[in-house]
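Student: quick one: sequence plus predicted model below, questions after.
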Amino acid sequence: MNLFKKTKLRKYKKCRKNKLKNLEFKATNLKFGTFGLKSIESGIITSNQLLSAKQTILKKIKKKNKIWVNIFPNVSVTSKPIGIRMGKGKGQVSNLVCRVSCGTVLFELCGLNNLTLFEALKVGGSKLPIKTKIFN
């Protein structure tokens, strides 16, 4: 019997971050709305950035129109506090992010006035750290 062999397995598998894809082929078309916000470049969007973009879009469109968010932050990012030495395991979860590849539809809108929808998506896209474009 090997005393140094690890007998207990981890309860949860550690999240692997992988590389970002250059292009997205599945989630490139509108499913629900008439206007959409599409990413032009690959990148990482944090949950706070996604929330602020959604809130600004909701503020512009009021309650007359409907919004769909097609991405969800499901990748956890860990960090250790300042002043702790190397080693001693993995750090605490600091925030959640979602990886977005080029061509992914982020938001979809549908409603009455197309001008307000276009304006709302323009303001919401400016809150995100990646380049976006509006399409219908």
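Tutor: In hand now; what should we look at?

Student: what about the strands in the protein?
Tutor: In the chain, the strands defined using DSSP state E lie at 35-39, 43-46, 66-69, 75-79, 92-100, 105-110, 132-135.

Student: pLDDT of the longest one, averaged?
Tutor: The reference is to strand 92-100. Mean pLDDT, computed over strand 92-100, is 91.

Student: any low-confidence regions in this structure?
Tutor: For the chain, the stretches flagged by pLDDT under 70 are 1-17.

Student: and with 80 instead?
Tutor: Along the chain, the model assigns pLDDT under 80 to residues 1-22, 24-25.

Student: tell me where it has helices.
Tutor: Along the chain, counting by DSSP state H, helices occupy 47-61, 114-126.

Student: how about the nearest residue to the residue positioned nearest the centre of the chain, chain neighbours excluded?
Tutor: The centre of the chain sits closest to Cys98, judged by C-alpha atoms, centre = their mean, with a distance of 3.5 Å. Nearest non-adjacent residue to Cys98, counting by C-beta to C-beta, 6 or more residues apart in numbering: Pro73, 4.4 Å away. In this view, the C-beta of every residue, glycine as well, is placed from N, C-alpha and C.
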